[in-house]
Every structure is written in C-alpha cells, then in structure tokens.
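1. Give me coordinates for this.
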Amino acid sequence: MLRTVVSCAMLFLLLASCTKDPEPEVVLEKPVEKKVIYQVFAAKDYSPALFDKVQTTVTLTVGAVANKTGTFTKIWDTTLNGHIRTFPQFDQKIQIEKTFTLVESAEKLQVAKSVRYDDNGQIQQSASFEPVPTGTNIFLMGVGL
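-> Coordinates of the predicted model:
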C-alpha cells in the first residue's frame, strides 16, 4: 500500500512538472489618430499684369510608409486648380483638415505637396514630402503660392 501511495505521489509530481511554459502575452499597440492640416494661400500679390496667364495646380497627398519595407501607400489626395489670383491671401487661406488612424510601430504618416505653375506654356513645378514625427498628433503644412 505504501508502495502505491509513493508511486501515485511520484506520478503526480512528474505530471505537475511537465506543464507547458506559459505563452508570452502579446501586447497590441493601439492605433492613434493623427490630424493633418493643410493651409493653402497666395504668398504675395499676384495682381500685376505679369500674372495674367498663370494657371496653378496644387496637389496635396497623405500616405503611410511601412516601417519594415519602406513601401508607400497613398491614403488620400486632392487637387486644387485655378488661376493664381483665385487663391486667397493668408488671412483668408484655404484650410483642409483630415484625420487618419494608424499604428505607429508599423507605419509612419507622410505628408506631401506639389505646386505647378503654367504661365502660357512655361512650366515651373516644386514638390516636398515630410514625415509626421512619431508622437505628433497634429501636423500643419503651409502651402504658400
């Protein structure tokens, strides 16, 4: 009988020591909201006759860049077209606000602007891209024409 009790106790200890290691808890990062604000405005007075034929195209783009691959995915874009004089001065600027949700450990928000001037067939164009820094929840991009 003692032999049976000892055998059962050893069997119990053997089974108790063969448990699996607990699986590590996976902590998922919560998505964050980031607001992008574009302000589009005429940076100077375009009333002189020199600007009579200047057409302007402003393209605004927001995308996400994957941290692991560097792949850019366009999330949103818009284009504003018109004569250079149709764009208001800074005190009456065009303001466009958009909010985007992303997981910062996986991707970064990138904000871009492109401005194209067409003066009766003579083209001038500029563009810039800026990453939204980690931890920044509101990002302002001025587009002075």
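
2. Check the secondary structure at the residue sitting nearest the centre point of the chain for me.
-> In the chain, the residue lying closest to the centroid (Cα atoms, centre = their mean) is Leu109, at 2.0 Å. For Leu109, the assignment made with DSSP: H, G, I helix; E, B strand; the rest coil gives strand.

3. just use 776 as the starting number from now, easier for me
-> Yep, numbering from 776; the last one is Leu884 now.

4. what is it paired to in the beta sheet?
-> Ala839 (DSSP bridges).

5. That one and Leu855: what is the separation?
-> Per Cβ to Cβ, to the nearest Å, Leu884 is found 21 Å from Leu855. Just so you know, the C-beta spots here come from the backbone N, C-alpha and C atoms, and that holds for glycine as well.

6. Likewise for Val878?
-> Val878 is 31 Å from Leu855, by Cβ to Cβ.

7. Which one of those two is surrounded by more residues?
-> Taking other Cβ atoms under 10 Å, Val878 and Leu855 do not tie; Leu855 has more neighbours (18 against 13).

8. so what's the closest residue to the more buried one other than its chain neighbours up against?
-> Distances taken as Cβ to Cβ, 6 or more residues apart in numbering place Val833 nearest to Leu855, at 4.4 Å, with adjacent residues excluded. The contact partners of Val833, by Cβ atoms under 8 Å, 6 or more residues apart in numbering, come to 815, 854-856, 862, 888-891, 918, 920.

9. What's opposite Phe914 in the beta bridge?
-> Beta-bridge partners, per DSSP bridges, of Phe914: Val811.

10. Give me the neighbour count for it.
-> By other Cβ under 10 Å, neighbour count at Phe914 equals 18.

11. Verify the stated contact: it with Pro906.
-> No - between Phe914 and Pro906 there is no contact under Cβ atoms under 8 Å: 9.4 Å.

12. joint contacts of the two?
-> Joint contacts of Phe914 and Pro906 (Cβ under 8 Å, 6+ apart) are 884, 886.

13. follow-up on the earlier one: can you check the pLDDT for the residue nearest to Leu855?
-> On the pLDDT scale, Val833 is placed at 98.

14. So which of the contacts of Val833 are in strands?
-> 815, 854-856, 888-891, 918 (DSSP state E).
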